[in-house]
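>>> Here is my input; please provide its structure:
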Amino acid sequence: MQKTEKINWLLILQGWSMLLVVVGHAGLNGLDLSTEPAFSRIIREHIYSFHMPLFMVISGYLYYLTKVQRNTSYTSLIRNKLHRLGIPFLFFTAATICVKPWFNSLMGRPAQFGLGEFINAILYPQNNPLGEMWFIGTLFMLFLYSPIFKFALKNIYTEIGLLVIVLCLRLIPIQLGIELFCFDIALQYAVWFYTGMLFCKYSVHNKLDKFIWLPLSIVLYGITYYVYAQAYSPISSFLVTAAGCLMSFSLAININKIYPKCFSSFRNYTYQIYLMAIFFQWLFRVLYEQYLFPQYYLPCYLINIFIGLYIPVLISIIIQKINCKYISPLFGLPK
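Okay, here's the model as predicted:
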């Protein structure tokens, strides 16, 4: 029974993290943030203070849960990740390069149609015309480091040693200038991925099971965010991110006790939402700017959240119904 509950709260956490991404992209002001309403700006700034590191913590947790505990071989891991991450990465990058040049005047990240652009997007995912691909490139690079993580997890001394190293890489602004395959970015995010692994190994979710942790983590996040907003530094940024992740874990664990079906309408398709939502949210934003701006911001903002969540879910369900082994992997769905 405990294993089922553990997985369920993790599903809620994944749903929560994807909701943050979709809401963070729901703003309707395009490139002109000066006209953004205060409520939208405040929500976006809070979300961006911790949401992508939270994804890394979850990824590290799932890696330990599904690969390390099962002693999955390195070759099997990389083969799986090339399939799971690499195929959608190539497909959506190619699709973006084919479509985006027609709308460059509306884009903050223009693209050029051509093989050179495609190769550059693969080698340097942080420059990918589909901005979200940096995360997939960085995550894959962290999986390449998995032998280091597994070695460090053998005893408490190596665990602490690696934790100190990755923490220093995050707090000390070291830039090696190696942008190839998100090398520098992966070093910055390694602390969050590794933290997720430690969370799983030491069953931190059991220690966060008491309700008192939820208000405490919310207060801690509020304090650290205030410090972060008043005086940005690598330390204040790290602290607010850590508090946001802790708050999210506690939130998911406690929601699971009250309403275990929370986010059940989309939480099984978080990867597909991440891959597809931005296309439909961008299209709706263009329509809003052309025909509705500046009226109806709030209802259109909410509609854009709904679109970002549920159009990818609908497409994913249709693809699953088709059940084509050549189409499903393009969208990160199992065959």
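>>> CA atoms for contacts and neighbours, from now on please.
Noted.
>>> Name the nearest residue to residue 211, sequence neighbours excluded.
residue 254 (6.6 Å; CA to CA, 6 or more residues apart in numbering).
>>> Could you do residue 44 as well?
Residue 44 sits nearest to residue 24 (CA to CA, 6+ apart), 5.1 Å away.
>>> Tally up the residues packed near the one you found, please.
Residues lying near residue 24 (other CA atoms under 10 Å) number 19.
>>> do you know how far it is from residue 126?
Relative to residue 126, residue 24 is positioned 19 Å away (CA to CA, to the nearest Å).
>>> swap in residue 239?
24 Å.
>>> residues in contact with the residue sitting nearest the centre point of the chain?
Taking CA atoms, centre = their mean, the centroid of the chain lies closest to residue 55, which sits 4.0 Å from it. Listed by CA atoms under 8 Å, 6 or more residues apart in numbering, the contact partners of residue 55 are residue 17.
>>> Identify the residues contacting the helix or strand containing residue 199?
Here residue 199, judged by DSSP states H and E, is contained in helix 183-201. Residues from elsewhere that reach helix 183-201 (CA under 8 Å, 6+ apart): 53-54, 56-65, 138-139, 141-142, 149, 163, 166-167, 169-170, 175-179, 205.
>>> Please repeat the previous calculation with a cut-off of 6 Å.
53, 56-58, 60-61, 64, 138, 166-167, 169-170, 178 (CA atoms under 6 Å, 6 or more residues apart in numbering).
>>> picking that back up, I'd like to know how far the residue nearest to residue 211 sits from residue 38.
Relative to residue 38, residue 254 is positioned 30 Å away (CA to CA).
>>> cool, residue 140 as well?
Per CA to CA, residue 140 is found 36 Å from residue 38.
>>> Of the two, which one has the most company?
residue 140 (20 against 10).
>>> pLDDT wise, what is the closest residue in space to residue 220 that isn't next to it in sequence at?
Nearest residue to residue 220 in three dimensions, chain neighbours excluded: residue 243, at 6.2 Å (CA to CA, 6+ apart). For residue 243, the pLDDT comes out at 98.
>>> So residue 243 sits against residue 221, correct?
Yes: counting by CA atoms under 6 Å, residue 243 does reach residue 221; the two are 4.8 Å apart.
>>> number of nearby residues for the residue nearest to residue 220?
Neighbour number of residue 243 under other CA under 10 Å is 23.
>>> Would you mind listing the buried residues in the helix or strand harbouring it?
For residue 243, the host element (DSSP H and E) is helix 234-258. For helix 234-258, burial by neighbour count (16 or more other CA atoms under 10 Å) applies to 236-256.
>>> Which neighbouring elements make contact with it?
The contact analysis (3 or more CA pairs under 6 Å, 6 or more residues apart in numbering; DSSP states H and E) places helix 234-258 against helix 2-24, helix 213-230.
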